[in-house]
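In: Need the 3D shape of this:
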Amino acid sequence: MQKRILFIAFTAVALFSFLNWNCTKLDTTTIGSDLLPAVDNVHTFADTIFVNAQQRDFNDTSIIPYLDNQVLGNINNDPLFGKTTGNMFLQLKPGSFPFAFGNKDSLVGLDSVVLCLSYKYFWGDSVMPQKLQVFEVVDSRFRDSVNKNWDVNTQPSTAASISPVKNVDIRRLGDYMKYAWRNDSVNNQIRIKLDAAYASRLFNSDSSSTGPGNHAFYNDSIYRNAFNGIAIKGVGAGSENALLYINVSDTNTNLKFITG
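Out: Numbers count the residues shown, from 1 in each chain. Reported below is the predicted structural model:
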C-alpha cells in the first residue's frame, strides 16, 4: 500500500514538473527571446506599447440597409483587391398615388427627364472620370430598395440602356453647376439625362383608372408593372479607380422633369 502511494506521488510530481517546464505561454521573458537581439540602447531599444482591444459583434456587410450610402462605380486595378464594381438598383416614384403632373394642356411640352443622384463622397483615385449608364429593371421580383435591405450579390435583370454613357469628373462634383434651362444651381449631385423614349413613357402616363393609356400613376401596383425600377451601372473598363457613395433616401436623389 505504501509503495503504491509513493508511486502515485512520484508520478504526480513528475507530471507537474513536465507541464510546468513546457508551458511557457505566460513567460513573457522567454517567448521570442531568440528572435530579438539584446537591448543595448544603441542599436536596440526596449519600449512598452499599450493596446486597447475589445471583442464585439460586427454587422453583416453582405446586407446593405436602405439608409446606408450605396456604392457606385469601378475600381479596375487595385494592387491588393483587384477589380471592384458597384452597381445601384432602385425605384423612384411619387410620394403618393394617384399622381398627376398638372394640367398638361397648360404645359408647353416635355423637354427632358434627368436622373439626379445625391453624391456624398468617394473612395479611391478621383483623377480618372467614372463612366455611368442607366438601364431599366425588368425583374418582377425587384421591390423598393428604400424599404428593403438587399444582399450585395443580388442583381435584378435589366433590359437595354435608357441613357447614354455619362462621364463623371469626381473632382468637380463639389462645384456648383448652373444649368441653362433654369436659374438654379446645384452641387454634390450627379445628373444623367434619360433617353427621350423612356422620358416620354413616364410623362405620358396618366393617373386615371379607365380609358386609354397605361394608368401608371393611378396606384403603386400599376406603376411597378409599368416602371419596375432602374439600374445605374459603372460601365468603364479602363483605368477608373474610385467608388462613389450615393444616398438614395436623400431628397437630392430624384427624377427631374424639365418642360419648356
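In: what packs against the helix or strand containing residue 200?
Out: Element membership of residue 200 [criterion: DSSP states H and E] is helix 196-203. Helices and strands touching helix 196-203, by 3 or more C-beta pairs under 8 Å, 6 or more residues apart in numbering; DSSP states H and E, are strand 110-125, strand 254-259. Every residue, glycine included, has its C-beta placed from N, CA and C.
In: Burial-wise, tell me which of those strands comes out on top.
Out: The highest mean neighbour count among the helices and strands packed on helix 196-203, using mean count of other C-beta atoms under 10 Å, belongs to strand 110-125: a mean of 18.
In: circling back: who wins for proximity to residue 134 among the helices and strands packed on helix 196-203?
Out: When those are compared by C-beta to C-beta, strand 110-125 sits nearest residue 134, at 6.0 Å.
In: by contact count, what packs against the next helix or strand after the closest one?
Out: Counting by DSSP H and E, the next helix or strand C-terminal to strand 110-125 is strand 130-137. Here strand 130-137 touches strand 70-78, strand 158-161, strand 166-168, strand 189-193, strand 230-234, going by 3+ C-beta pairs under 8 Å, 6+ apart.
In: out of everything not next to it in sequence, what's closest to residue 156?
Out: Distances taken as C-beta to C-beta, 6 or more residues apart in numbering put residue 139 closest to residue 156, at 3.6 Å, once the chain neighbours are dropped.
In: and residue 209, how many neighbours?
Out: 10 (other C-beta atoms under 10 Å).
In: Show the contacting residues for it.
Out: Listed by C-beta atoms under 8 Å, 6 or more residues apart in numbering, the contact set of residue 209 reads 215, 218.
In: which residues pair with residue 168 across the strands?
Out: Note on residue 168: beta-bridge partners residue 130, judged by DSSP bridges.
In: Could you pull up the contacting residues of the residue nearest to residue 156?
Out: Contact analysis of residue 139 by C-beta under 8 Å, 6+ apart lists 156, 157, 158, 228, 229.
In: Distance-wise, check the last one relative to residue 210.
Out: Right, residue 229. Separation of residue 229 from residue 210 (C-beta to C-beta, to the nearest Å): 26 Å.
In: more crowded one of these two?
Out: residue 229 (21 against 7).
In: So for the more buried one, what's the nearest residue that isn't a sequence neighbour?
Out: residue 137 (3.5 Å).
In: Is there a neighbour count for the one you found? I'd like the number.
Out: When neighbours are counted by other C-beta under 10 Å, residue 137 registers 19.
In: Contact partners for the residue nearest to residue 188 when sequence neighbours are not counted?
Out: Excluding the flanking residues, the one nearest residue 188 by C-beta to C-beta, 6+ apart is residue 119, at 4.8 Å. Neighbour list for residue 119: 173, 188, 189, 190, 244, 245, 246 [criterion: C-beta under 8 Å, 6+ apart].
In: Same list, those residues, but as TSV with pLDDT and neighbour count please.
Out: Listed next are the contacts of residue 119 as TSV, based on pLDDT from 0 to 100; neighbours: other C-beta atoms under 10 Å:
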residue	pLDDT	neighbour count
173	89	18
188	90	16
189	92	18
190	93	21
244	94	28
245	94	17
246	93	24
